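In: for reference, the sequence and a predicted model appear below.
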Amino acid sequence: MAKKESPRNERTNGKTTIAPRVLVTIARLTTLSITGVSRMASVPGGVNRIFHRGIGEGVRIEIEDNQVSVDLYVVLEKDVHVREVSINIQNAISRAITEMVGLQTKTVNIHIEEIQYAGDAVED
């Protein structure tokens, strides 16, 4: 009896492209899942404002030579260890991008824009 090849072992011709928007979504949702992150802050200026990508989502993505550079703009909850939360975000983003789309991260820069205290108004 011949052994059947599983679909994973089959090779097909073609390619997969990942839209930058997908990377923005992965980065945003992964960041928001980290304990200590209150919300994303708006990306200040830059190319994202010109192309209207990631405005208000707190994420700036650049891809060069199949490596992803990520800038995240976050608002943290009060009474968190800022360095620990930042490291947790960096590790989670690197892992998510590598596991989900197979790209390596070159840098993950965290920009703490604000600390959310009880009673502070949340910007939309």
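Out: Sure, I can see it. Numbering: from 1, shown residues only.
In: hey, what's the closest residue to residue 103 other than its chain neighbours bridged with?
Out: Excluding the flanking residues, the one nearest residue 103 by C-beta to C-beta, 6 or more residues apart in numbering is residue 68, at 5.1 Å. In this view, the C-beta of every residue, glycine as well, is placed from N, C-alpha and C. With DSSP bridges as the criterion, residue 68 is bridged to residue 63, residue 105.
In: helix or strand for the residue positioned nearest the centre of the chain, which one?
Out: Nearest to the mean C-alpha position of the chain, by C-alpha atoms, centre = their mean, lies residue 27 at 1.4 Å. Remark: residue 27 resides in helix 20-32, with elements defined by DSSP states H and E.
In: in that helix, which residues are buried?
Out: 20, 23-24, 26-28, 30-31 (16 or more other C-beta atoms under 10 Å).
In: secondary structure element for residue 114, which one?
Out: strand 104-116.
In: any chance of the buried residues of helix 20-32 in JSON lines, plus distance to residue 60 and pLDDT?
Out: Below are these laid out as JSON lines (distance: C-beta to C-beta, whole Å; pLDDT from 0 to 100):
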{"residue": "20", "distance to residue 60": "10", "pLDDT": "86"}
{"residue": "23", "distance to residue 60": "10", "pLDDT": "94"}
{"residue": "24", "distance to residue 60": "9", "pLDDT": "94"}
{"residue": "26", "distance to residue 60": "14", "pLDDT": "96"}
{"residue": "27", "distance to residue 60": "9", "pLDDT": "96"}
{"residue": "28", "distance to residue 60": "11", "pLDDT": "96"}
{"residue": "30", "distance to residue 60": "15", "pLDDT": "98"}
{"residue": "31", "distance to residue 60": "12", "pLDDT": "98"}
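In: got a markdown table for these, with distance to residue 76 too?
Out: Formatted as a markdown table, those follow (distance: C-beta to C-beta, whole Å):
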| residue | distance to residue 76 |
| --- | --- |
| 20 | 26 |
| 23 | 23 |
| 24 | 20 |
| 26 | 20 |
| 27 | 16 |
| 28 | 15 |
| 30 | 15 |
| 31 | 11 |
